[in-house]
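Novice: Please work out how this folds:
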Amino acid sequence: MLRRATPADVEQIVDVFERSFATLDFLPKLHTHEEHVAFLAGVVDRQDVWVAERDGRIAGFLALDGDLGTLFYVDPEAHGEGLGTALFELAQHERPDGFSFWAFQDNVKARHFYEKRGCVAVEFTDGSRNEEKTPDVRYRWTSAG
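Specialist: This next block holds a predicted model:
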């Protein structure tokens, strides 16, 4: 089930974020759990955030700030169940004129997911502009392909 996130969802969103982020072993751990809670509470408050539920618990989420996708995570235990695809299709529906988002260059699994869905890499960076200081890539999805 997909639905809009509410402030009551923040703890479960943080859980998905932390479990997912932990699989990216090439990234430094920069923030505490409490900092994640404060940050993601602000995201839920100010951005368009949707969650995917599995068995009554949040197992994925997607945040859009205008035409920029800011966060897109699926619990590692739910990979392959279609939640990521459902969230991505929801973003396509919500932003039919297109959207951009960033991914880490070393996150091969995510990059494959995006490219398989017609996203195009439009910018590669050395990571100097992100807080992890890790090379990233900006993707763009448009309905034109």
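
Novice: In this structure Gly84 contacts Lys116, no?
Specialist: No. Taking C-beta atoms under 8 Å as the definition, Gly84 is not a contact partner of Lys116, at 10.7 Å. All C-beta atoms are positioned from the backbone trio N, CA, C, and that covers glycine.

Novice: The two: which has the busier surroundings?
Specialist: Gly84 (22 against 10; other C-beta atoms under 10 Å).

Novice: For the helix or strand encompassing that one, the averaged confidence score.
Specialist: When elements are assigned from DSSP states H and E, Gly84 belongs to helix 83-94. Confidence over helix 83-94 (mean pLDDT, whole number) is 97.

Novice: Check what contacts that helix and list those residues.
Specialist: For helix 83-94, the surrounding residues in contact (C-beta atoms under 8 Å, 6 or more residues apart in numbering) are 2, 48, 50, 52, 54, 59-62, 64, 69, 72, 74, 99, 113, 117, 141, 143.

Novice: try 7 Å
Specialist: Applying C-beta atoms under 7 Å, 6 or more residues apart in numbering, the external contacts of helix 83-94 come out as 2, 48, 50, 52, 54, 59-60, 62, 64, 69, 72, 74, 99, 113, 117, 141.
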